[in-house]
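Peer 1: one predicted model, sequence on top.
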Amino acid sequence: MLASSRHSIGQVFVFILRGAKRTAVLVIGVALVVGGAIMLVLPGPGLLAMLAGLAVLATEFLWAQHLLEAMKNRAGEARDAARRSWPTRHR
């Protein structure tokens, strides 16, 4: 005989809401990332949209958190390299 597991309606409701939230985050985040990738070749803030998409995805997915952190680190390195190569003003 199979053991039956009983869940309260509240538990089922929470399970469904959690899945719906995760799905919404996935759809919105992927749409922003894809839209940003398209805007890399078309007019628009492509990198900004891609970062926003990763930030949305990072609220639910660990892989997106790691990718977002890596992108932040690379952006910081690029900023520092640009500052080093920019001629300084002499007062």
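Peer 2: Received the coordinates, thanks. Because the structure is predicted, anything quoted here is derived from the model rather than measured. Numbers count the residues shown, from 1 in each chain.
Peer 1: tell me which residue lies nearest the centroid of the chain.
Peer 2: Nearest to the geometric centre of the chain sits residue 54, at 1.6 Å (C-alpha atoms, centre = their mean).
Peer 1: SS state for that one?
Peer 2: The three-state assignment at residue 54 reads helix, by DSSP: H, G, I helix; E, B strand; the rest coil.
Peer 1: gap between it and residue 85?
Peer 2: Counting by C-beta to C-beta, to the nearest Å, the gap from residue 54 to residue 85 is 27 Å. Backbone N, C-alpha and C define where each C-beta goes, glycine included.
Peer 1: helix, strand or coil for the closest residue to residue 55 other than its chain neighbours?
Peer 2: For residue 55, ignoring the flanking residues on the chain, the nearest one in space by C-beta to C-beta, 6 or more residues apart in numbering is residue 68 at 6.2 Å. Counting by three-state DSSP, the backbone at residue 68 sits in helix.
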